[in-house]
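**Student:** Let me see the structure of the following:
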Amino acid sequence: MVKKKSVKDLTAQQKKMAGVGATVQVLLAGFALADMWRRPAAEVRGSRALWSAACAVNFFGPLSYFIFGRRK
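**Tutor:** Residues are numbered from 1 along each chain as shown. Next comes the predicted model:
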């Protein structure tokens, strides 16, 4: 049976990369949410509530909003 890794089993470099990835993810979601709620509703494709929920899905939600969710 394979032992599941925990955070304490990671190397310092792996911990650093996980922290950088988490920071980028949170910042990307924050920028997407701020942009979404500052825009008029006519400039957002679909429901703001659904896009807000999508922003919680790793990098894919915020990136999808920036690619598909904005009108210009």
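**Student:** ok, Arg45 touching Phe66?
**Tutor:** No. Counting by C-beta atoms under 8 Å, Arg45 does not reach Phe66; the two are 11.6 Å apart. (C-beta placed from N, C-alpha, C; glycine too.)
**Student:** for this structure, what spans make up the helices?
**Tutor:** Per DSSP state H, the chain carries helices over the ranges 12-38, 48-54, 60-64.
**Student:** can you redo those helices as a markdown table with mean pLDDT and mean neighbour count?
**Tutor:** Formatted as a markdown table, these follow (pLDDT from 0 to 100; neighbours: other C-beta atoms under 10 Å):
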| stretch | mean pLDDT | mean neighbour count |
| --- | --- | --- |
| helix 12-38 | 95 | 13 |
| helix 48-54 | 94 | 15 |
| helix 60-64 | 94 | 17 |
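**Student:** can you tell which of those is closest to Lys3?
**Tutor:** In terms of C-beta to C-beta, the element of the helices of the chain nearest to Lys3 is helix 12-38, at 16.1 Å.
**Student:** chain center to that closest one: distance?
**Tutor:** 6 Å (C-alpha atoms, centre = their mean, to the nearest Å).
**Student:** Nice, that's everything, thank you.
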